[in-house]
Structures are given as C-alpha cells and as structure tokens.
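Engineer: Here is a sequence with its predicted model. Questions after.
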Amino acid sequence: HFDTAALYGAGTNESPVGEVLGPRRDEYFLARKCGMTAIDGRRGIDGRPETLKATCEEGLRRLRTDHIDLYYLHRWDRSIPVEESVGALAELVAEGKIGGIGLSEVSAATLRRAHAVHPIAALQTEYSLWTRNPELGTLQACRDLGTAFVAFSPLGRGFLAGAVRDMAALPASDIRHAMPRFSAENHPRNAALLDGLGALAREGGCTMAQLALAWVLDRGEHVIALPGTTSIEHLDEDLGAGSARLDAGLLGRMDALINEQTVHGPRYSPALQADVDTEVFA
C-alpha cells in the first residue's frame, strides 16, 4: 500500500516513484490524493471536477501507470459541493482510471453526503493516541458504511516514538516548528508524558513506536495505520508492531496517560485547521 499525492513535492515526488515502482505495478496497491496542489509555490485547494480529472491524468503519467487503485480527495474545497467533486471521481471510476474513491480530513457528515453519491472506499485522517478527533464521529461512520479508516501520523509525527524530545535538534525547516503541540510553551509539557509511555512499552515488550501503532490497529478491523519514515531501520521497527503484548489493562493505562485532555495544544494552527472539515473537541 503506497500512498502519494499531487501536493507532495509539488508533484515532483511522483516521477521517481513511477520510475522505481512503475515496472512493478502489479506488486503494490497505489493510493493517490487530488484536490490540493502547489500553485505558484503556495498550497491551493481546488475541487472543481475538471481540475480533479486533469490532476488524475498528470498522476497517471508521472506514476507510469494506467490506473490508480484508490484516489482520495485530499481536501474538500468548500466552494464546491462535495457531491460534485465525488461525482467527477465516480466518472473516473467508470472510465477505469481509478479503482475506488477516498476522502481525507472530512467529518462524518461530509462522508455520509459523499457516500450517497458513490461508495467511499476509504477515509484518511490523522489518528493516534494524542489525536482522538476521529472518535467524535468518523471512526464509527466508517464502520457503519464499510469504509476503511486510514490513520495518518499514527506516531504523532514522531512524538509517540520518543523521537522529538528536543525541538532544537530539528532543522529550522521542519514543519513541526509551526505546529502548536511542538511550540516552546506546549512541547515541554507534552514531552513529560513520554517517560510514562516508555514504561508502558517496556511492559508490552516492544518499543514506544510499536506500542503506539498497536494501539491504533486495536481500534477496529477497518483501521489501517499509515506511518511515514525515511529510515529502513524505523520501517522495520514499525512492521514489528504486531509483537506488542496488549491487554485491556495496558490499553486502559495508555488511554488515561495520553488523550485529548492530557495533551497540550491543538494539532493544527488556525490557518491549517480552516482547511479541514474534521470534528474538533470543544
């Protein structure tokens, strides 16, 4: 299951992906996102049917394939009814260019509206011990509709792996510097939770990253964890999440240690939050 998007690297990431994976197309499941691209160096959201179709053609060319297994609407363009955007994707399904339709960062209500136009195969949004927003509706809505729930950042952007204890060690260009939970005010208070998580990981016979991934996978059979890494070592560690020894008591203590009430700061800045349609805690 390989996940990419028109936005990533302003599209430049897809050409090398196509070069490497194109000749091995039958060996992997390809997911791609549309509806959010770089426009004149700035991120732009465009859910017009003609744009989504044009972006699909660009992706097929760059990825060296004639079909995309799962095509997500990366963000809902609120100036366009979601029914219109999904309707355009349904036409791509009929043409055989995409296999299924996905949504990203939308609410349960928007998911249901979209699903009434065409079955939604997957919904992708952030979900982890420290980001519980899907529990406000989308996790259950996906279960009700038979939609796969794909959890991105299941390691809390590295935080839950214990890898971000010192913000000064991160490059100035690291996007976490602009995220409220990693601010000078909030990060030290959040980092204080890591020793407790480390103790629980030792009890579970695994690393902190494996424990955090095992927690996500325990949320339901319809849940898929989608961690990202640039390290083979970390990839091997992630794939060992099944070794975690979870029981109800350990899960309960994890829930009590890290949750929406014990974590300081929202996941996004106000500007980024305005781009998404996900439920938020009061």
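Structural biologist: Noted; the coordinates are in hand. Numbers count the residues shown, from 1 in each chain.
Engineer: count of residues packed around residue 275?
Structural biologist: For residue 275, the neighbour count with other C-beta atoms under 10 Å is 16. C-beta coordinates here come from the backbone N, C-alpha and C atoms, glycine included.
Engineer: gap between the two ends of stretch 59-69?
Structural biologist: One end of stretch 59-69 to the other measures 12 Å (C-alpha to C-alpha, to the nearest Å).
Engineer: same deal with stretch 23-30?
Structural biologist: End-to-end distance for stretch 23-30: 13 Å, by C-alpha to C-alpha.
Engineer: Other residues contacting it?
Structural biologist: Residues from elsewhere that reach stretch 23-30, judged by C-beta atoms under 8 Å, 6 or more residues apart in numbering: 1-2, 4, 21, 63-65, 68-70.
Engineer: average pLDDT across it?
Structural biologist: Averaged across stretch 23-30, the pLDDT comes to 94.
Engineer: lowest confidence element among the helices and strands of the protein?
Structural biologist: strand 36-39 (a mean of 82; mean pLDDT, DSSP states H and E).
Engineer: Any stretches of the stretch 1-150 of the chain with poor pLDDT?
Structural biologist: When residues are selected by pLDDT under 70, those of the stretch 1-150 of the chain lie in 41.
Engineer: Ok, the stretch 151-282 of the chain next?
Structural biologist: For the stretch 151-282 of the chain, no stretch has pLDDT under 70.
Engineer: Against residue 45, how distant is the most centrally placed residue in the chain?
Structural biologist: What sits nearest the mean C-alpha location of the chain, by C-alpha atoms, centre = their mean, is residue 152, with 2.4 Å. Between residue 152 and residue 45 the distance is 17 Å, computed by C-beta to C-beta, to the nearest Å.
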